[in-house]
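>>> just to be clear, the model below is a prediction. Sequence and coordinates:
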Amino acid sequence: MENKNVKVTEVGPRDGFQSEKTILKTEDKVEIINNLISAGFPRIEVSSFVSPKAIPQLADASTILENVKKDKNTTLAALVPNARGAFRAAEAKIDEIVVFLSASESHNKKNVNRSVQESLLEFRKIVKIAEDNNIPIQGDIATAFGCPFEGNVSPKRLGEISKEYKIMGFKGVTLGDTTGMATPTVVTEAVNSIRDMVPDFEITLHFHNTRGIGLANVMTGLNLGIINYESCFGGMGGCPFAPNATGNICSEDLIYLLHEMGIETGINLDKLITIAKKVEKLVGHKLPGQVMKAGPRLLSYSMNDVPTAVGA
Ligand code: COA
Ligand code: ZN
C-alpha cells in the first residue's frame, strides 16, 4: 500500500438512516451531521432527494441542509434519482449531487422504477440542472458486485456504465455493493475492468458487510491503490429495495484499521465512537459496529475490573 492518505465518506445520514422504520427528528439528524463534520470527514452523504413515498425517512433533506453548520473542509453530498430531485438539491444548495443506477436491470426497476437506459436519459437532464447551478456530480452504480435477482454482474458492464459517466462529465464512479456480494476476486475484476476501459476515472468503493468480508474487500481495494471508501457509523445501513440487505462496513472499524496501518484519514476516531453510540441510542437498537463496543486496542483497563480465575 503506497498511499498514506485515504478519503472516507460517511454515508450514515443517508444509507444508514434510509431503512430505519422509526422516523428520526430532523434536529437529531442535523446534530449528528454537525458532529460528523467536526470529527473531520471530508465528505458526508447527508440525505437523498428521492420520492418521500419511496423513502419516508429522508423526506426532510431540504430542512437538514438549511440547518447544518457547513464547513469548507467537508463536502455535503446527496442522492438524486431524477430532474425533480436535482431541482430540490440545487435549491437546498447541496455541494455535490450523487446520481445512481443499478448494474442490473431488475434492481434498477425495483429501486427507481425504470430501466437502466431510462436512468441514463434522466441523468442527462440532471447534468443540465447541475451545470446551471455549478454542482459537481458523482455517479453511483448499485449492485456493482452482484445482484440479488440476477447473480453475477459482468465487469465489462461496469466499464460501459463508467464510460457513460465520464462522457457526462461526472467526477468519478462509486461501486456500490448493495447486498454484500463483493469478494476480493470480484472487486479486483471490477476495478481492473473500469481502469482498462475508462483510464483516469476516479473509483470509490462502497461495501456492505452482509457476508462479513467488508474489510477484506477494503484491503483488496487498498492493494489495488484505491483511496476512496464509503462507510457508515455503527455499521448500520442497507437498501430497502433489495432482499436481505444489511449494514455498510462500519466507519469506526474502517478508520481504526486504516489508522493502525499508518494510513491518515483526518478523522477523529474517539469523536466517531461517541457519534456511533449516540446514533445507537437514537435508533433504539444495537448496532453491529465492533470498535464502538471494544474501543481502540490500547484502551487499558484496571485489573480490579476483572475477576481472577481461581480453582476452587
Ligand atoms: N422528490 C420528491 N418527490 C418526488 C421525486 C423527488 N425527487 N420524484 C418523484 N416524486 C414524487 C412525484 O411527484 C409523485 O408524487 P405524487 O404521487 O404525489 O404525484 C411520486 O413521487 C411518483 O413520481 P414518479 O415520477 O411517477 O416516480 P415513480 O413512482 O416512478 O418513482 C422514483 C421513481 C425514482 C422517484 C422513486 O422510485 C424513488 O424515489 N426511488 C429512490 C429509491 C432509493 O432511494 N433507494 C435507496 C438508495 S440505493
Ligand atoms: Zn449502500
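Yes, it's here. Ligands and ions are numbered 1, 2, ... in the order given.
>>> can you pull the residues of the stretch 1-150 of the chain lying near ligand 1?
Contact residues, the stretch 1-150 of the chain versus ligand 1 (CB under 6 Å from any ligand atom): 18, 48-55, 79, 81-82, 84-85, 88, 100, 111-113, 142. From N, CA and C alone the C-beta is placed, and that goes for glycine too.
>>> try it again with 5 Å
50-51, 54-55, 81, 84-85, 111-113 (CB under 5 Å from any ligand atom).
>>> which pair of the residues you listed spans the longest distance?
Farthest apart among those by CB to CB are Arg84 and Asn111. That separation is 16.1 Å.
>>> which one's more surrounded, the two?
Neighbour count, other CB atoms under 10 Å: between Arg84 and Asn111, Asn111 has more, with 23 against 16.
>>> surely the more buried one meets Ser102?
Yes: at 5.9 Å, Asn111 counts as touching Ser102 under the criterion of CB atoms under 8 Å.
>>> can you list residues touching both of those two?
Jointly contacting Asn111 and Ser102 under the rule CB atoms under 8 Å, 6 or more residues apart in numbering are Ala142.
>>> SS state for the spatially closest residue to Gly169 that is not a sequence neighbour?
When the adjacent residues along the chain are set aside, Gly169 lies closest to Val127, with 6.7 Å between them (CB to CB, 6 or more residues apart in numbering). With DSSP: H, G, I helix; E, B strand; the rest coil as the basis, Val127 sits in helix.
>>> how close does Val127 sit to Val99?
9 Å (CB to CB, to the nearest Å).
>>> the residue nearest to Gly169: how many residues sit nearby?
Val127 is flanked by 18 other residues according to other CB under 10 Å.
>>> for it, what are its contacts?
137, 168-169.
>>> give me that answer again for 10 Å
Counting by CB atoms under 10 Å, 6 or more residues apart in numbering, Val127 makes contact with 86, 97, 99, 135, 137, 168-170.
>>> please apply the same query to Pro240.
Counting by CB under 10 Å, 6+ apart, Pro240 has contacts 18-21, 54-55, 57, 110-111.
>>> in the stretch 201-312 of the chain, which residue sits nearest ligand 1?
In the stretch 201-312 of the chain, no residue comes nearer to ligand 1 than Cys239, which is 4.6 Å away by CB to the nearest ligand atom.
>>> still on that earlier bit, could the residues of the stretch 1-150 of the chain next to ligand 1 go into JSON lines alongside distance to Ser154?
Supplementary listing: these in JSON lines, determined by distance: CB to CB, whole Å:
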{"residue": "Val50", "distance to Ser154": "27"}
{"residue": "Ser51", "distance to Ser154": "30"}
{"residue": "Ala54", "distance to Ser154": "28"}
{"residue": "Ile55", "distance to Ser154": "29"}
{"residue": "Pro81", "distance to Ser154": "24"}
{"residue": "Arg84", "distance to Ser154": "32"}
{"residue": "Gly85", "distance to Ser154": "29"}
{"residue": "Asn111", "distance to Ser154": "19"}
{"residue": "Val112", "distance to Ser154": "21"}
{"residue": "Asn113", "distance to Ser154": "24"}
